[in-house]
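*Asks:* with the sequence up front, the predicted model follows.
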Amino acid sequence: MASVIPPPPPSEDQTTFSGDDDSRPHSPYSNGRMHNGDVFDEDEPTEVEDSQYSSYYGYSTLAPGDMRCFCRPTSASGARDIGIRLGQWFVINKDQLFSGLNVAIISIPETISFAVLAGVQPVIALQSTWIIALTTSLLGGRPGTISGATGAIAVVISTLVKEQGIGYLFYAIMLAGFLQLLFGILRLGKVIRIFPYSVITGFANSTGVAIAISLVNFFKEQDVLNGAEEMGTIMTDRVPTRALLEPASPLSFAVAMTPITNKMPWLAPDVLICMGSEAALALLVCLMLPKLTRMIPSSLVGLVMATIGEYAVVRPLGYRTSVVQDFPSIQGILPAPVFFDDRYQMPPASLETLRLVYATAIGVAAIALMESFMTLSIVDRMTHSDGNYNREALAQGLGQLVSGALGGMGGSAKIGQTIINVRNGGVTRLAGVFSSLCLVLIIFGAPEIVEYIPIGGLIGVMLYVCLNTINWNSIVCILSTLFPQCLRNKFNFHSKIARSDVFIMLMMTAVTLYVDLAVAVAGGVAVALIAYTWESGLHLRVEREVTEEEDMVTYNISGPLFFGSVKILEEMIPNEMLQNEPTNVMIVLEETEVFDWSGMVCLKELHERLIMLGKAVKFSYITHTSKRIMEKSSRMWEDVHFMDAEDIDLDEEMVIVEDEEM
């Protein structure tokens with residue numbers, strides 16, 4: 001039986017934890033090593049400071065790391081002891097459980113909207129959500145991350161569903177899962193290193209804006225479509241037909257602004273006022289309750305208060321707003337392999353099928369990995385701990401594969417729900433697992449649990465998600481950079497950053513909203529690399545020195561020598577200067593690194609230019625890294641004289657002629 005870690009915190013002689021590794025807490029205040037999702041060694045003691053146990057109610061006091069929940073296995077004696085321990089376990093882990101329940105509830109309407117966007121039945125999207133969420137919560141590299149169907153994936157697969165049919169979709173999702181598994185097996189998770197913070201921030205900001213824009217759809221009427229119940233619309237007897245039609249997705253040209261630009265009429269003023277009031281109430285609770293207590297997730301309380309307002313105030317006054325019950329049925333059936341499911345007509349597994357689905361599969365895999373990695377990166381910063389990106393790729397791939405095999409539309413990590421989960425204290429695997437199990441219970445057992453929640457309450461909670469998803473400090477940094485010095489001083493904006501970072505963030509937001517998430521990430525990384533290459537090339541310096549006898553000149557080169565700086569070096573040492581130099585020339589490379597072929601060719605051409613002018617050239621103080629690169633192309637350097645350090649007379653008096661850029 002697993003017993004809880006009881007308060008007060010352990011004393012100095014109780015700093016070790018028994019049981020399996022996943023049950024051991026870890027935090028930035030702990031001396032135990034747990035990086036990249038790895039667990040403790042069994043015999044390695046872990047010291048935990050008292051501050052970790054100062055409160056069980058704030059996410060900042062919960063220990064992030066590779067944990068299932070806050071407990072440790074010990075023996076139990078009798079049913080009464082088991083009951084007491086279960087009660088204590090619930091008290092200590094209630095943040096994980098409540099946060100999981102809250103995330104499951106707010107995921108339902110969003111997931112339905114993604115199903116409409118993809119052109120599939122809502123149950124397919126909901127099935128994908130709980131399958132991927134359960135798999136990644138159990139096996140992923142970042143406890144606390146929430147996964148499921150996303151808008152980016154929905155847009156990628158929509159064309160395939162429309163043109164080829166649902167059967168080809170399942171093949172594409174399974175192939176995408178295989179590609180993600182291969183990505184993890186090859187341990188390519190380190191690619192996250194080339195994602196600059198400006199790209200990650202731009203992704204978060206654009207996601208928050210996209211979610212906010214998509215909420216406009218809830219305040220508009222929609223036409224009744226053929227097959228409305230299957231495609232996300234339904235007629236009620238008292239409320240105009242509405243749907244989550246074409247929500248703002250962070251992927252697809254012009255879809256982001258559809259909720260604002262479409263010609264659909266707004267709801268009646270009285271309905272708008274009621275829905276707006278419920279949304280404002282839920283948002284206010286989400287913002288204010290954490291200042292009073294963190295015992296219960298504020299977003300869950302916000303939904304409860306909005307529901308009470310709907311049935312205790314709005315309806316008794318003779319008005320009515322939409323509730324979850326007014327939208328497509330979320331009642332599901334037990335999943336079965338699509339190859340044996342009579343509901344689907346699967347095409348044959350052939351090369352022709354592969355030809356039709358491979359492009360979509362690659363797109364799904366790429367988008368899923370990008371979204372998941374950037375979400376993990378944000379959570380790493382929130383919890384001050386490291387996730388395992390290779391492990392996450394494996395878990396996401398397995399979830400994708402299982403989702404496709406059981407009739408799902410795939411998915412990835414969901415940044416909005418993940419941030420809410422972590423802020424509500426859901427930093428262990430228990431939160432994600434319980435969220436997926438709650439979703440299973442709602443879909444297969446009791447969909448009535450959420451059918452009476454008003455849409456206004458969900459709008460308020462999703463606005464809270466937006467507020468937490470957007471990085472507001474980045475907006476201050478952007479303004480500080482764009483404002484002139486006088487305005488920065490006037491408004492006390494002293495957070496200026498590089499203009500290239502501002503451009504990347506703004507470009508990421510715009511391109512993600514209007515074009516494509518993959519294009520936005522690739523473009524952001526490309527701009528960042530170009531900016532870094534340009535700035536690094538400017539760090540190259542050349543110092544020219546001659547002896548008093550003026551019989552030898554020395555060029556001390558410092559800085560990186562690569563394709564981005566070779567042109568600068570050529571401009572610093574032009575042929576006109578070399579013609580008038582002494583006969584003996586020494587080039588000192590002690591403070592420079594040769595990084596690529598361009599750098600080597602630049603040095604070789606400099607040597608050849610000096611030889612053609614009749615100079616005696618020697619290279620000295622080659623760094624170990626540069627020497628190792630140059631030795632691999634030793635044939636290039638057959639006629640070049642390299643001097644060892646002991647051959648150089650450092651005491652020979654030199655006269656500095658020029659100590660600036662040339």
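*Replies:* Perfect, I can see it now.
*Asks:* so where do the helices sit in the stretch 551-662 of the chain?
*Replies:* 566-572, 575-579, 597-612, 624-631 (DSSP state H, counting those that start in this stretch).
*Asks:* next one: stretch 397-409 to chain centre, how far?
*Replies:* 21 Å (CA atoms, centre = their mean, to the nearest Å).
*Asks:* and stretch 338-355, by the same measure?
*Replies:* So, by CA atoms, centre = their mean, the centroid of stretch 338-355 is 33 Å from its chain's centroid.
*Asks:* now do the same end-to-end measure for it.
*Replies:* 20 Å (CA to CA, to the nearest Å).
*Asks:* if we can go back for a sec, quick one: closest of the helices of the stretch 551-662 of the chain to residue 586.
*Replies:* helix 597-612 (10.7 Å; CB to CB). For the C-beta atoms, the positions are set from N, CA and C on the backbone; glycine is no exception.
*Asks:* ok so, going back, any chance of the helices of the stretch 551-662 of the chain in CSV, plus mean pLDDT and distance to residue 443?
*Replies:* Below are the helices of the stretch 551-662 of the chain laid out as CSV (pLDDT from 0 to 100; distance: least, CB to CB, whole Å):
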stretch, mean pLDDT, distance to residue 443
helix 566-572, 91, 61
helix 575-579, 86, 76
helix 597-612, 90, 57
helix 624-631, 84, 57
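*Asks:* helix/strand/coil for the residue sitting furthest away from the middle of the chain?
*Replies:* Ranked by distance from the centre of the chain (CA atoms, centre = their mean), the top residue is residue 549, with 62.5 Å. What DSSP: H, G, I helix; E, B strand; the rest coil gives for residue 549 is coil.
*Asks:* need phi/psi at it.
*Replies:* phi -80, psi -10 (degrees, to the nearest 10).
*Asks:* how far away is it from residue 584?
*Replies:* Relative to residue 584, residue 549 is positioned 10 Å away (CB to CB, to the nearest Å).
*Asks:* try residue 494
*Replies:* Residue 494 sits 52 Å away from residue 584, going by CB to CB.
*Asks:* so these two - more neighbours on which side?
*Replies:* Neighbour comparison, residue 494 and residue 584: the larger count goes to residue 584, with 15 against 9 (by other CB atoms under 10 Å).
*Asks:* run through the residues that contact the nearest residue to the more buried one once chain neighbours are set aside.
*Replies:* The spatial neighbour of residue 584 that comes closest, neighbours along the chain excluded (CB to CB, 6 or more residues apart in numbering), is residue 552 at 3.9 Å. Residue 552 sits next to 546, 582, 583, 584, 585, 586 when contact means CB atoms under 8 Å, 6 or more residues apart in numbering.
*Asks:* list only those of the residues you listed flagged as buried.
*Replies:* Buried residues within the contacts of residue 552, defined by neighbour count using 16 or more other CB atoms under 10 Å: 546, 585, 586.
*Asks:* dump these into JSON lines; add distance to residue 516 as well.
*Replies:* Below are those laid out as JSON lines (distance: CB to CB, whole Å):
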{"residue": "546", "distance to residue 516": "57"}
{"residue": "585", "distance to residue 516": "53"}
{"residue": "586", "distance to residue 516": "53"}
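*Asks:* a markdown table please, covering those residues and showing pLDDT and distance to residue 182.
*Replies:* Shown next, in a markdown table, are the buried ones among the contacts of residue 552 (pLDDT from 0 to 100; distance: CB to CB, whole Å):
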| residue | pLDDT | distance to residue 182 |
| --- | --- | --- |
| 546 | 90 | 59 |
| 585 | 91 | 52 |
| 586 | 91 | 51 |
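*Asks:* and which of these is nearest to residue 456?
*Replies:* Using CB to CB, residue 586 comes nearest to residue 456 of these, at 77.6 Å.
*Asks:* ok, that closest one - contacts?
*Replies:* Residue 586 neighbours (CB under 8 Å, 6+ apart): 552, 553, 554, 555, 617, 618, 619, 620, 643, 648.
*Asks:* cutoff 7 Å now
*Replies:* 552, 554, 618, 620 (CB atoms under 7 Å, 6 or more residues apart in numbering).
*Asks:* most neighbours out of these, which is it?
*Replies:* residue 554 leads the contacts of residue 586 on contacts (other CB under 10 Å) with 21 neighbours.
*Asks:* bridging residues for it?
*Replies:* Judged by DSSP bridges, the bridge partners of residue 554 are residue 545, residue 586.
*Asks:* the strands in the stretch 451-600 of the chain, which residues?
*Replies:* Listed in chain order, the strands of the stretch 451-600 of the chain (DSSP state E, counting those that start in this stretch) span 541-547, 552-561, 584-594.
*Asks:* what of the stretch 151-300 of the chain?
*Replies:* 233-234, 242-243.
*Asks:* and the helices in the stretch 101-250 of the chain?
*Replies:* For the stretch 101-250 of the chain, applying DSSP H, counting those that start in this stretch gives helices covering 122-139, 151-163, 166-185, 197-214, 228-231.
*Asks:* which of these sits most buried?
*Replies:* helix 122-139 (a mean of 27; mean count of other CB atoms under 10 Å).
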